[in-house]
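Novice: Attaching a predicted model along with its sequence, questions to come.
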Amino acid sequence: MVPSVLIVDDEKHTREGLQQALADTYDVSIAASADEAFNLLDAQPFDVVLTDLRMPGKSGLKVIDKALALPQRPAVLMITAYGNIDTAVEAMKRGAVDFLTKPVNIERLEVLIQRALKTKTLEVEVQQLHERLDEKFSVNGIVGHSPNLTAVLDRVKLVAPSRATVLIDGESGTGKELIAQAIHQASPRARAPFIAVHCAALSENLLESELFGHERGAFTGATERRIGRFEAAVGGTLFLDEIGEISLSTQVKLLRFLETKAIERVGGSKPIDLDVRLVAATNRRLEALVREGKFREDLFFRLNVVRIELPPLRTRADDIPLLLAHYLKLFSEENGHPLLSLEPGAIATLKAYAWPGNIRELRNFCENAVVLRRGGKLSEYDLDPKFRGVAAAADFTRIVINPTSQPPTGGGASGPVANVGPSLSVEDNEKHLLREALIKSRGNRTQAAQLMGVSRRTLHRKIAQWPELDVTDK
């Protein structure tokens, strides 16, 4: 699409000359006064506005104000014969991206227009990115409606606008970082950085340097000054995950920041005042660490201003179908696959599963299912036996072909798969049944799966688990 340019100048030869010079590249409109420009700006959007400063009636500064108050803001350039530093400063303060003097150098003008268009494009992209972040990490974007999750989200909405330090408790995989991002996005700091640090992944010395930065020569290899995550998060939020893993010496420095809102770089002695909100998370009970002498009690109290405890997924059974549908749709779209759905039996089975890895485990299950299945439906018999627990073992070992039934046509299988006595373990039963089915079907895996009453995929998985049982002809 051809970029649109509005030229506003009371001098006829100037505006028409500029129009002629730019017409080959841009869709150019002209206005002889500020009022005429206002009418055009109200009638259609423009990408760039070039306006003279001094005109009868309203000045070019009013045109800048009008243009930049529009929902779709154009980039604005000021053109005047009365160029001076005060005028340039005032125009830039109003929002103009640059300033030219008459007579206008057309080559320079075209360079400035291109630069202005790039700036405008970047601004639009940044705005769209913020909107996507707001949508992705907003409280409303968190999937689930169980009472314990609703209580968490209500607490997030209350604490987000404040400056209070927040401590998030929860098992691994419950979404602590997502909640921290939701707090940030719902706060006045949403347009400033959100910096996450996973404390357990870094050694003591490296963590201090990462958090507080270091001065040149602070330690071997410190060849230059480096700012840390605290300074990178100025104006925004610093999220410290697994806060219970930090050393006592790092705890002292963190406590000092919470008390003074200042840090010192490693190897430095000058306090640096910082406006940073701290949100911390842990999957360990800090009270127990305090009793064991592994965590400072005064730091615990400083962190525990507002506490948010995330429920494990096993206590949110009603949310599991919603989360499954959400992630199956997400990964199907990401991978360009047809939508994978779950049959009612599979949903019931997954809803009953304990999900020890919480949402992280559920998300990984959905991605794995989409990538390997590529559309269609999953039944409970397509699921890994771990999801069916005791029922899975019972299903697998109870399968006995009715003695009166006929074997599948087209193969050499004959007779039932014998029942296995109760004295064997579940695994021994499974192995025995699998080998017997493969022998009776003469290695035909499709017939073996039919004999056992399981899906071909389940049979393949069992053969991969116990390859020594495979009697398939090579």
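Specialist: Structure received.
Novice: contacting residues for Arg108?
Specialist: Arg108 is in contact with Leu100, counting by C-beta atoms under 8 Å, 6 or more residues apart in numbering. Any C-beta I mention is one placed from the backbone N, CA and C, and that applies to glycine too.
Novice: Look up how far Ala196 lies from it.
Specialist: Distance, Arg108 to Ala196, by C-beta to C-beta, to the nearest Å: 44 Å.
Novice: what do you get for Ala449?
Specialist: In terms of C-beta to C-beta, Ala449 sits 46 Å off from Ala196.
Novice: ok, now Ser29?
Specialist: Taken as C-beta to C-beta, the span from Ser29 to Ala196 is 48 Å.
Novice: repeat for Gly144
Specialist: When Gly144 is compared with Ala196 (using C-beta to C-beta), they lie 22 Å apart.
Novice: The two: which is more packed in?
Specialist: The residue with more neighbours, out of Gly144 and Ala196, is Gly144; 20 against 17, by other C-beta atoms under 10 Å.
Novice: Grab the nearest non-local neighbour of that one.
Specialist: Asp319 (3.7 Å; C-beta to C-beta, 6 or more residues apart in numbering).
Novice: Would you mind measuring from the one you found to Ile359?
Specialist: Distance from Asp319 to Ile359, by C-beta to C-beta: 9 Å.
Novice: Overlap in contacts, these two.
Specialist: Leu313.
Novice: C-alpha coordinates for stretch 280-294, PDB please?
Specialist: C-alpha atoms of stretch 280-294 as PDB (Å, rounded to 0.1, in the frame of the first residue of the first chain):
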ATOM      1  CA  ALA A 280       9.400 -14.000  44.300                       C
ATOM      2  CA  ALA A 281       8.300 -17.700  43.900                       C
ATOM      3  CA  THR A 282       9.200 -20.900  45.600                       C
ATOM      4  CA  ASN A 283       8.100 -24.600  45.500                       C
ATOM      5  CA  ARG A 284       9.500 -25.100  49.000                       C
ATOM      6  CA  ARG A 285       8.000 -23.900  52.300                       C
ATOM      7  CA  LEU A 286      10.200 -21.000  53.400                       C
ATOM      8  CA  GLU A 287       9.000 -21.300  57.000                       C
ATOM      9  CA  ALA A 288      10.600 -24.700  57.200                       C
ATOM     10  CA  LEU A 289      13.900 -23.300  55.700                       C
ATOM     11  CA  VAL A 290      13.800 -20.600  58.300                       C
ATOM     12  CA  ARG A 291      13.500 -23.200  61.100                       C
ATOM     13  CA  GLU A 292      16.400 -25.100  59.500                       C
ATOM     14  CA  GLY A 293      18.600 -22.000  59.400                       C
ATOM     15  CA  LYS A 294      18.800 -22.000  55.600                       C
END
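Novice: Check which residues of that stretch are buried.
Specialist: Residues Ala280, Ala281, Thr282, Asn283, Leu286, Leu289, Val290 are the ones in stretch 280-294 that count as buried (16 or more other C-beta atoms under 10 Å).
Novice: Let's see the pLDDT reported for the third one.
Specialist: Meaning Thr282. pLDDT, Thr282: 96.
Novice: Any idea what it is bridged to?
Specialist: Asp169 (DSSP bridges).
Novice: next one: the helix or strand harbouring Leu153 to chain centre, how far?
Specialist: Secondary structure from DSSP states H and E places Leu153 in helix 147-159. Distance, stretch centre to chain centre, for helix 147-159: 20 Å (C-alpha atoms, centre = their mean, to the nearest Å).
Novice: what's in contact with that helix?
Specialist: 139, 142, 166, 179, 182-183, 186, 306, 308-311, 315-316, 319.
Novice: cool, stretch 345-353 as well?
Specialist: Against stretch 345-353 from outside (C-beta under 8 Å, 6+ apart): 317, 320-321, 324, 342, 365, 378-380, 382-383, 387-389, 391.
Novice: Name only those of these that count as buried.
Specialist: Buried among the contacts of stretch 345-353 (16+ other C-beta under 10 Å): Ile320, Leu324, Leu342, Phe365, Leu378, Glu380, Asp382, Leu383, Phe387, Arg388.
Novice: ok, so of those residues, who is nearest Thr250?
Specialist: Phe365 (35.9 Å; C-beta to C-beta).
Novice: buried ones in the helix or strand that contains that closest one?
Specialist: Per DSSP H and E, Phe365 falls inside helix 358-373. For helix 358-373, burial by neighbour count (16+ other C-beta under 10 Å) applies to Asn358, Ile359, Glu361, Leu362, Arg363, Phe365, Cys366, Glu367, Ala369, Val370, Arg373.
Novice: Point out the least confident member of the residues you listed, please.
Specialist: Arg373 (81).
Novice: What's the first helix or strand after the helix or strand bottoming out on mean pLDDT in the chain?
Specialist: Using mean pLDDT, DSSP states H and E, the weakest-scoring helix or strand in the chain turns out to be helix 385-398, at a mean of 55. Going down the chain from helix 385-398, the next helix or strand is helix 426-440, by DSSP H and E.
Novice: same for that following helix, what does it pack against?
Specialist: helix 385-398, helix 445-452, helix 456-465 (3 or more C-beta pairs under 8 Å, 6 or more residues apart in numbering; DSSP states H and E).
Novice: what's the last one packed up against?
Specialist: This means helix 456-465. Using 3+ C-beta pairs under 8 Å, 6+ apart as the test, helix 456-465 ends up in contact with helix 426-440, helix 445-452.
Novice: and if we set it to 10 Å?
Specialist: helix 385-398, helix 426-440, helix 445-452 (3 or more C-beta pairs under 10 Å, 6 or more residues apart in numbering; DSSP states H and E).
Novice: Buried residues, the second one. List them.
Specialist: Counting neighbours by 16+ other C-beta under 10 Å, one finds that the buried residues in helix 426-440 are Asn429, Glu430, Lys431, His432, Leu433, Leu434, Arg435, Glu436, Ala437, Leu438, Lys440.
Novice: so who does the residue nearest to Gly144 touch?
Specialist: 142-146, 148-149, 311, 313, 326, 351, 359, 362 (C-beta atoms under 10 Å, 6 or more residues apart in numbering).
Novice: just Thr315 next, same as before
Specialist: Thr315 neighbours (C-beta under 10 Å, 6+ apart): Ser146, Pro147, Asn148, Leu149.
Novice: quick check, nearest of those to Arg94?
Specialist: Nearest member of the contacts of Thr315 to Arg94, counting by C-beta to C-beta, is Leu149, at 47.0 Å.
Novice: how close does the residue nearest to Val454 when sequence neighbours are not counted get to Lys431?
Specialist: Spatial nearest neighbour of Val454, chain neighbours left out: Tyr381 (6.0 Å); criterion: C-beta to C-beta, 6+ apart. To Lys431, Tyr381 is 19 Å away according to C-beta to C-beta.
Novice: Helix or strand: which one has Phe99?
Specialist: strand 98-101.
Novice: And the contacts of that strand?
Specialist: 50, 53, 75-85, 87-92, 108-109, 111-113, 115-116, 119.
Novice: Please enumerate the helices of the stretch 101-250 of the chain.
Specialist: 106-137, 147-159, 176-185, 204-212, 229-232, 248-260 (DSSP state H, counting those that start in this stretch).
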